[in-house]
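> With the sequence up front, the predicted model follows.
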Amino acid sequence: MKKFQAFYEKGEHKWFCLYKDLARGKHLIGTKEYLIQNGEKVLLTDPGGTEVFPEIVAAIAEISDFEKIDRVFCSHQDPDIFSAIALWLQIKPELKVYVSKIWLGFMLHFAGTKATFELMSDEGAVINLGGLNLQAIPAHFMHSSGNFHLYDPAAKILFSGDTGAAIIPVDQDDLFVRDFDKHLPLIEGFHRRWFGSNEHKNQWCERVSTLEIDMLCPQHGLIYQGADVPRFIDWLHNLKVGVINY
Amino acid sequence: MKKHHLLYEKGEARWTVLYKDPAKKADVLDSNEYLISYGDRHLLLDPGGFTIFPAVFSTLVQLIDPMKVEAIFASHQDPDIASSLTLWQKINPELKCYVSWLWKSFVPHFGGTEETFIAIEDRGQTIELGEYRLQAIPAHHCHSAGNFHLYDPQSKIYFSGDVGSALLPDDQRHLFVEDFESHMPAIEYFHRRWFGSNEHKNAWVDRALELDIQLLCPQHGSIYQGEQVGQFLSWLRNLNVGTTSNKGHMP
């Protein structure tokens, strides 16, 4: 079972993070899943791959009633993001999956039917979670062509998918970035090589700089909080991406 | 079951394409699977997703012994490329999968073990099928960050993954491009929207122009032949891609 912790809590509105999976094979990239709860409504972000599904479900069972989880937000189409959907649909056939409109025909190669997917247009979408308006923020080409982050304006939390991601060994997995400068070597190679367009990356940096963000939560690596959030956005703004050494 | 067509045969070497499945649901993205054979050894390119595996497999068993598919070449990490991997591995647990080093720890989320994956370095590499040699050609950020095509210098066939792909209704899909001019509307949106970087797109076009290509074979849509290859490359060179912005405001 993965570890989990509530890292935001205000009345019935909570964010949980699932992290550190000691049972995970070393050949699989580590992931963090976030569960956003607002009263009776629960949404799961980037549910992970088929191989890590049992560890995730065991942890979720400790947090919430499965009946309440009726929606999943997929930042993009990668196997580590969504391949557990095939298994989720076995236990929750009515599950709705939010994803960019450009991936429908691709996702159907793996699982689900057209009715499974709530397609988001390029500009983004508002997702209502029990009266709480979550905002899907465009992050196209970072790295995926059809890519969204999820902003919770009440909690001031941005789920940032692969942006801010670090590739870290499982024994160093934790919740938060403790020392930003020491964290840099773990994120630099990833952003430089996986991201291909400086133009789109900079548009995103400028856009999210206008949002109030207390915590920036990537799918891999560690959560940025407080002053580390603008520090990360500035660092990314200045980074030259799309560099490939042949 | 899918249709199949022999694209090339010389000595021990063959290229076969699997295309058009009349039973495919309309919303599932159409795909072509290419099989390179050298004697009775086989390499399968982008075998497709989990849901189309039955159609691909039932076609392939009529052509070859599926146990003799010794490796899969995955151009990139998308679900329509290789999410059937876990099923292929049930048939041959020794199966290898060539994929960019970027995706070596991402694709196993679909299945496979540590031993399954052969990571391709950014510059590409030679892939051997017995004595037959193929070249993995870099096409990074077109659209995937870690993306390869496969060139066969003997037959001059170039497998181009998503590059050259067309989004066409099933009844308008032909194995070969009939007329380049009338094919353009079917490819324009895909390349403009899925590709994010003109710089990387142009670098790929320059690389492809250096090769002698007779057939350019995408994973979706129709195959370009002869002078259509040059027409496609110069069209792509002039196309402005990545026009979708992240500036926007909430709808």
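Perfect, thanks for sending it. Numbers count the residues shown, from 1 in each chain, chains lettered A, B, ... in the order given.
> pretty sure residue B:174 contacts residue B:224?
No - with contact taken as CB atoms under 8 Å, residue B:174 and residue B:224 are classed as non-touching, separated by 11.7 Å. For every residue, glycine as well, the C-beta is placed using N, CA and C.
> ok, the two, which is more surrounded?
residue B:224 (26 against 14; other CB atoms under 10 Å in any protein chain shown).
> can I assume the more buried one sits in a strand?
Yes - counting by DSSP: H, G, I helix; E, B strand; the rest coil, one finds residue B:224 located in a strand.
> wait, doesn't it sit right on residue B:230?
No - Residue B:224 is beyond contact range of residue B:230, at 9.1 Å (criterion: CB under 8 Å).
> Next to chain A in this structure, residues from the stretch 151-251 of chain B, please.
B:193-197, B:199-200, B:242, B:244-251 (CB under 8 Å from any CB of the partner chain).
> repeat that with 7 Å
B:193-194, B:196-197, B:199-200, B:242, B:244-248, B:250-251 (CB under 7 Å from any CB of the partner chain).
> Buried subset of the residues you listed as a ChimeraX selection?
If you want just the buried ones from these in ChimeraX, going by 16 or more other CB atoms under 10 Å in any protein chain shown, the selection is:
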select /B:193,194,196,197,200,242,244,245,246,248
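> so where do the helices sit in chain B?
All helices of chain B, identified by DSSP state H, fall at B:53-60, B:79-82, B:85-91, B:180-194, B:198-209, B:227-238.
> show me what contacts residue A:37?
Residues near residue A:37 by CB atoms under 7 Å, 6 or more residues apart in numbering or on different chains: A:14, A:64.
> neighbours around the residue of the stretch 101-250 of chain B found nearest chain A, how many?
Distance from chain A to each residue of the stretch 101-250 of chain B (CB to the nearest CB) is smallest for residue B:109, at 2.6 Å. Per other CB under 10 Å, the neighbour tally for residue B:109 reads 26.
> How about residue A:130?
Residue A:130 has 15 nearby residues by other CB under 10 Å.
> Which residue lies closest in space to it, excluding its sequence neighbours?
Of all residues not flanking residue A:130 in the chain, residue A:41 sits nearest, at 3.7 Å (CB to CB, 6 or more residues apart in numbering or on different chains).
> related to what we said a few turns ago, so which of the helices of chain B is the most packed in?
Greatest average neighbour count among the helices of chain B goes to helix B:79-82 (a mean of 29), per mean count of other CB atoms under 10 Å in any protein chain shown.
> Kindly export that one (C-alpha atoms) in PDB.
Extracted in PDB, the C-alpha atoms of helix B:79-82 (Å, rounded to 0.1, in the frame of the first residue of the first chain):
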ATOM      1  CA  PRO B  79      -1.600   4.200 -25.900                       C
ATOM      2  CA  ASP B  80      -2.300   3.500 -29.600                       C
ATOM      3  CA  ILE B  81       1.400   2.600 -30.200                       C
ATOM      4  CA  ALA B  82       2.200  -0.200 -27.700                       C
END
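> Just name whatever secondary elements that helix is in contact with.
In terms of contacts (3 or more CB pairs under 7 Å, 6 or more residues apart in numbering or on different chains; DSSP states H and E), helix B:79-82 is packed against helix A:104-107.
> For the helix it packs on, give the mean pLDDT please.
Mean pLDDT, helix A:104-107: 95.
> Who are the packing partners of that helix?
strand A:117-120, helix B:79-82.
> Adding distance to residue A:27 and mean pLDDT, write the ones you listed out as a markdown table.
As requested, these are exported to a markdown table (distance: least, CB to CB, whole Å; pLDDT from 0 to 100):
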| stretch | distance to residue A:27 | mean pLDDT |
| --- | --- | --- |
| strand A:117-120 | 29 | 98 |
| helix B:79-82 | 15 | 92 |
